[in-house]
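K.L.:
Give me coordinates for this.
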Amino acid sequence: GSHSVAVGVDQPVSIDVRGSVGYYCAGMNAGGTITVHGSAGPGVGENMMSGSIVVKGDASQYAGATGRGGLLVIEGNASSRCGISMKGINIVVRGNIGHMSAFMAQSGNLVVLGDAGDALGDSIYEARLFVRGKVKSLGADCIKKEMRPEHIALLQDLLDRAGIKDARPEEFTRYGSARTLYNFNIDNADAY
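P.N.:
Predicted coordinates for the structure are as follows:
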């Protein structure tokens with residue numbers, strides 16, 4: 001397959017890719033609207049700044065890694081480490097996500113309509129995770145949190161922007177940081 005498709009876009013252009021792509025598609029996207037009419041290999045939308053990326057199929061591991069802004073929509077499933085170290089990006093996955101997703105996620109929002117694998121949100125900072133399905137297990141320092149009115153509004157906006165009309169924010173559970181790993185504590189040493 002073709003690799004590194006549409007990397008480094010820094011103009012408000014629209015790009016349609018007919019078929020599937022290899023690794024790092026639309027990496028560093030700044031302002032582009034990129035649609036993949038197929039599936040994406042590892043690292044789709046890596047370090048994305050702004051704009052939007054829609055993957056009509058599935059995405060391989062570390063989708064949206066270190067993303068700083070913009071919206072990444074995966075209409076199928078995402079593999080392991082989805083949203084790893086995310087720094088402001090919004091990721092919406094219609095299907096399921098794999099293990100270690102949102103590992104060290106710093107800020108931004110990860111919305112999952114399906115289920116999440118093991119160790120969700122391990123070592124998470126301030127990112128918000130919204131999962132409609134089941135979570136196999138939570139990672140270190142990640143806990144279930146209350147859905148307040150501002151989270152319902154935020155989630156509704158993200159679902160609207162992702163074109164999702166068959167899910168309601170009230171159906172999701174929010175997860176985030178328990179804030180116990182912020183300061184190193186010898187009692188938590190085995191969690192690092």
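
K.L.:
okay, CA-based contacts and neighbour counts for the rest of this
P.N.:
Will do.

K.L.:
show me where this protein has strands.
P.N.:
Applying DSSP state E to the chain gives strands spanning 14-18, 33-37, 52-55, 71-74, 87-93, 107-112, 128-131, 142-145, 173-177.

K.L.:
Tell me how confident the model is about the first one, as a mean pLDDT.
P.N.:
This points to strand 14-18. Mean pLDDT, strand 14-18: 94.

K.L.:
The fifth one too?
P.N.:
For strand 87-93, the per-residue pLDDT values average out at 98.

K.L.:
And for that strand, what's in contact with it?
P.N.:
For strand 87-93, the surrounding residues in contact (Cα atoms under 8 Å, 6 or more residues apart in numbering) are 48-49, 64, 66-78, 83, 105-114, 127, 158-159, 162.

K.L.:
just stretch 160-171 next, same as before
P.N.:
73, 92, 113, 132, 152, 155-156, 159.

K.L.:
let's see it at 10 Å
P.N.:
Residues outside stretch 160-171 that contact it (Cα atoms under 10 Å, 6 or more residues apart in numbering) are 52, 54, 71-75, 90-94, 113, 130-133, 147, 151-159.
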